[in-house]
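Asks: Have a look at this prediction, sequence included:
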Amino acid sequence: MKSLLNFSINAFPLWIIICSVLALIKPEIFTWFSGSFITYGLGVIMLGMGLTLNPEDFKIVIKSPKWVFAGALLQFTVMPLLGWGLGYVFQLPLPFTVGLIIVSSCPGGTASNVISYLAKANVALSVTMTAVSTLLAIVLTPLLTTFLIGDKIEVSAFQLFLGTLKVVLIPVLLGVMMNKYLPKITNKILPVAPLIAVIAIVLIVASIIGQGKEEILSSGLQLIGAVLTLHVLGFLLGYLISKLVTKEKLVNRTISIEVGMQNSGLGAYLARANFVNPAIAIPSAISSAVHSLIGSLAAGIWRNRL
């Protein structure tokens, strides 16, 4: 039973690939998992991760603010510049270039916390970095987007804050409290928590792909290549540059994941809410699947290499 459980968790990249292909062939298998299901799914995942944490984990992070600063700095410099540059390198049509810049200027998403959890990286650092980058994004995402594409985007600070509270801070805090005050219940849940995380993230990714099937199939290899390159370089540069700040392997992995994975849902929202052309949202839809696939592959490798 335990070996089957471990296989199911370690085969995360395989489930992502299989379900992504199925979502393109028969979207209705996964598109039902949308709206509030995604919000609650992420909340459950965050709760599971919180169960693995205790207050001492966050004290360690607070004592090393350079880790959080390094991650945030890379998040809002490396990724936006890559998004801007790759649009020209791959000679994308203007709507796709704009969409790529938008998603690359977004903060880290909750999926990065899941990948850090599955990769056995520094989850407390990942959650902290996601929260910090999300709050910074209230100002930095519209500023960066305005600077790089010249069009002003309005971001709702309240919605960003509310989203962070709902699917990151509150569930994680609840998990930490359960770990501290209800250890017997926590110990019963912990063995299956990673599997629940795998199921939830696979459903979320497949749902997004299913909903964007037509756009993804018609967007061509150029856009897919640009998005793939964006995230591969994000992971790689995040890891290599963070090594200049610290030689701690788990921290390097965590920063790599945070830099390489964006809040694609926010990117899609900004594109749809602020631009008339629906094609601008397509890079965000593709980004969600691509960075989850790359992250899951990295998690599968790193999980067994502590």
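Replies: Looks like it came in fine.
Asks: Would you mark the buried spots in the longest helix anywhere in the chain?
Replies: Ranked by residue count, the top helix of the chain under DSSP state H comes out as helix 213-245. By neighbour count on 16 or more other Cβ atoms under 10 Å, the buried set for helix 213-245 is 213, 215-216, 219, 223-224, 226-231, 233-235, 237-239, 241-242, 245. Backbone N, C-alpha and C define where each C-beta goes, glycine included.
Asks: In which helix or strand does the residue lying farthest from the centre of the chain reside?
Replies: What lies farthest from the middle of the chain is Lys184; by Cα atoms, centre = their mean that is 30.8 Å. Using DSSP states H and E, Lys184 falls within helix 183-189.
Asks: Show the low-confidence segments of the stretch 201-306 of the chain, by residue range.
Replies: Along the stretch 201-306 of the chain, the model assigns pLDDT under 70 to residues 306.
Asks: is it true that Pro80 touches Ser105?
Replies: Yes - between Pro80 and Ser105 there is a contact at 4.5 Å, judged by Cβ atoms under 8 Å.
Asks: more neighbours, these two?
Replies: Counted by other Cβ atoms under 10 Å, Pro80 and Ser105 do not tie: Ser105 has more neighbours, with 30 against 24.
Asks: need the contact list for that one.
Replies: For Ser105, the contacting residues are 76, 79-80, 83, 140-141, 144-145, 148, by Cβ atoms under 8 Å, 6 or more residues apart in numbering.
Asks: Can you pick out the ones from the residues you listed that are in helices?
Replies: The members of these that map onto helices under DSSP H are 79-80, 83, 140-141, 144-145, 148.
Asks: Now for those: which two are most distant?
Replies: The largest separation in those, counting by Cβ to Cβ, is between Gly83 and Leu140 at 13.6 Å.
Asks: Between the two, which has more neighbouring residues?
Replies: Legend: neighbour count by other Cβ under 10 Å for Gly83 and Leu140, higher for Gly83 (31 against 20).
Asks: any idea how far Leu293 is from the residue nearest to the more buried one when sequence neighbours are not counted?
Replies: Closest residue to Gly83 apart from its sequence neighbours, by Cβ to Cβ, 6 or more residues apart in numbering: Ser104 at 2.8 Å. Between Ser104 and Leu293 the distance is 17 Å, computed by Cβ to Cβ, to the nearest Å.
Asks: Of those two, give the one with the bigger neighbour count.
Replies: Higher neighbour count among Ser104 and Leu293: Ser104, with 31 against 18, using other Cβ under 10 Å.
Asks: which residues sit against stretch 223-237?
Replies: With Cβ under 8 Å, 6+ apart, stretch 223-237 has contacts from 74, 78-79, 82-83, 86-87, 89-90, 92, 96, 100, 104, 256-257, 259-261, 282-283, 286-287, 290-291, 294-295, 298.
Asks: Of these, which belong to helices?
Replies: Of the positions in the contacts of stretch 223-237, 74, 78-79, 82-83, 86-87, 89, 96, 100, 104, 256-257, 259-260, 282-283, 286-287, 290-291, 294-295, 298 sit in helices, assigned by DSSP H.
Asks: For the buried ones among the residues you listed, write the corresponding ChimeraX selection.
Replies: In ChimeraX, this line selects whichever of the ones in helices among the contacts of stretch 223-237 come out buried by 16+ other Cβ under 10 Å:
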select :74,78,79,82,83,86,87,96,100,104,256,257,259,260,282,283,286,287,290,291,294,295,298
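Asks: And for Phe275, the neighbour number?
Replies: 18.
Asks: separation between it and Val103?
Replies: Taking Cβ to Cβ, one finds Phe275 at 13 Å from Val103.
Asks: same thing with Leu92?
Replies: From Leu92 across to Val103, the span is 13 Å (Cβ to Cβ).
Asks: Next: Ser3.
Replies: 38 Å.
Asks: got it, and Ile16?
Replies: As judged by Cβ to Cβ, Ile16 and Val103 stand 19 Å apart.
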